[in-house]
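Asks: Okay, structure incoming, though there's no sequence with it:
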């Protein structure tokens, strides 16, 4: 099985495979590469719907060029090398995490900040720490935090040095799921209101009634599953 960096030709084959609707495992088999290599390549370069071979190749060359430069003391590489971690592997994972969040509808900078908070051991960072890790302006961080706060995904508090810390709670995913349930329930109710307006028994009313019933089932199932699984968010790490 070949190793090393993907070639431009391999990236073109990945793009063709995605266009043909092939699974990552099948694309990897045709390239004689690990499935994880293909998955990481696609997710860090726009995801399956936005992947472009030429853009991915240029982006990789730019990253390689940046890595060849010595890291500034206290820069992103130094921050990532805790617990014996591989700084480059951590950075790549954060890129993948960010891409997946973006595909779910989160704007890019907000996704970067949320991924950064989620992958920090403390689950909290100050504005200056986020600026240093992400190499962006304080204004960008402020705007991202305001958005994430509005979505209920982060909260802020003062630490012992009176600095504002931005925190992602373990329970935030439960709260986010329940917010989704409320939105789905509201959509179901709105669809149900349309049945009376359009006239029960008409094709349009029947369509809306079916939509409402479907959304009712989904929201009830999602709420029940979230309640049952909530304790998982507070489970300690498994023994190695």
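Replies: That came through, no problem. Fair warning: this is a prediction, and the values are worked out from it, not measured in the lab. Numbers count the residues shown, from 1 in each chain.
Asks: all contacts plus neighbour counts: C-alpha atoms, from now on.
Replies: Will do.
Asks: which intervals of the protein have sub-threshold pLDDT?
Replies: Applying pLDDT under 70 to the chain picks out residues 1-3, 63-82, 237-240.
Asks: in what helix or strand does residue 156 lie?
Replies: Under the assignment given by DSSP states H and E, the secondary-structure element containing residue 156 is strand 155-158.
Asks: Which helix or strand lies directly C-terminal to that strand?
Replies: Counting by DSSP H and E, the element that comes right after strand 155-158 along the chain is strand 164-167.
Asks: Does anything pack onto that next one? Which helices or strands?
Replies: Other elements packing on strand 164-167 under the criterion 3 or more C-alpha pairs under 8 Å, 6 or more residues apart in numbering; DSSP states H and E are strand 124-126, helix 127-134, strand 155-158.
Asks: Quick check: phi and psi at the residue nearest the centre of the chain.
Replies: When C-alpha atoms, centre = their mean is applied to the chain, the residue found nearest the centroid is residue 101 (2.2 Å). Taking degrees, to the nearest 10, you get phi -60, psi -40 for the backbone angles of residue 101.
Asks: quick one: contacts for it?
Replies: With contacts defined as C-alpha atoms under 8 Å, 6 or more residues apart in numbering, residue 101 is in contact with residue 111.
Asks: first to last residue in stretch 130-147, what's the distance?
Replies: The straight-line separation of the ends of stretch 130-147 (C-alpha to C-alpha, to the nearest Å) is 15 Å.
Asks: And that stretch, how far out from the chain middle?
Replies: Stretch 130-147 has its C-alpha centroid displaced from the chain centroid by 17 Å (C-alpha atoms, centre = their mean, to the nearest Å).
Asks: Can you give me the buried ones in that stretch?
Replies: For stretch 130-147, the buried set under the neighbour-count rule, 16 or more other C-alpha atoms under 10 Å, comprises 130, 131, 132, 133, 134, 141, 144, 145, 147.
Asks: Repeat that for stretch 32-47.
Replies: Neighbour-count burial for stretch 32-47, counted by 16+ other C-alpha under 10 Å, picks out 33-35, 38-47.
Asks: Next: stretch 97-107.
Replies: Judged by neighbour count (16+ other C-alpha under 10 Å), stretch 97-107 contains these buried residues: 97, 98, 99, 100, 101, 102, 103, 106.
Asks: Closest one of the residues you listed to residue 86?
Replies: Nearest to residue 86 among those, counting by C-alpha to C-alpha, is residue 97 at 16.5 Å.
Asks: Kindly report the domain assignment for this protein.
Replies: Following the assignment in automatic domain parsing, the chain carries domains at 8-68, 76-167, 172-234.
Asks: wait, what's in contact with residue 223?
Replies: Shown here is residue 223, whose contacts under the criterion C-alpha under 8 Å, 6+ apart are 177, 178, 181.
Asks: Quick check: of the residues you listed, which lies closest to residue 8?
Replies: Minimum distance to residue 8 across these is 40.0 Å, recorded for residue 177 (C-alpha to C-alpha).
Asks: thought the closest one was touching residue 227?
Replies: No. Residue 177 sits out of contact with residue 227 when judged by C-alpha atoms under 8 Å, with a separation of 9.9 Å.
Asks: what about those two, which has more around it?
Replies: Between residue 177 and residue 227, counted using other C-alpha atoms under 10 Å, the more crowded position is residue 177 (17 against 12).
Asks: host element of the more buried one?
Replies: helix 172-198.
Asks: and whichever helix or strand comes after that helix, which residues are buried?
Replies: Counting by DSSP H and E, the next helix or strand C-terminal to helix 172-198 is helix 203-229. Of all the residues in helix 203-229, those buried under the rule 16+ other C-alpha under 10 Å are 205-206, 208-209, 211-212, 215-216, 218-219, 222-223, 226.
Asks: Dump those to CSV, plus distance to residue 196.
Replies: As requested, those are exported to CSV (distance: C-alpha to C-alpha, whole Å):
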residue, distance to residue 196
205, 8
206, 10
208, 10
209, 10
211, 14
212, 13
215, 18
216, 18
218, 22
219, 22
222, 27
223, 27
226, 32
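Asks: Right, I'll leave it there.
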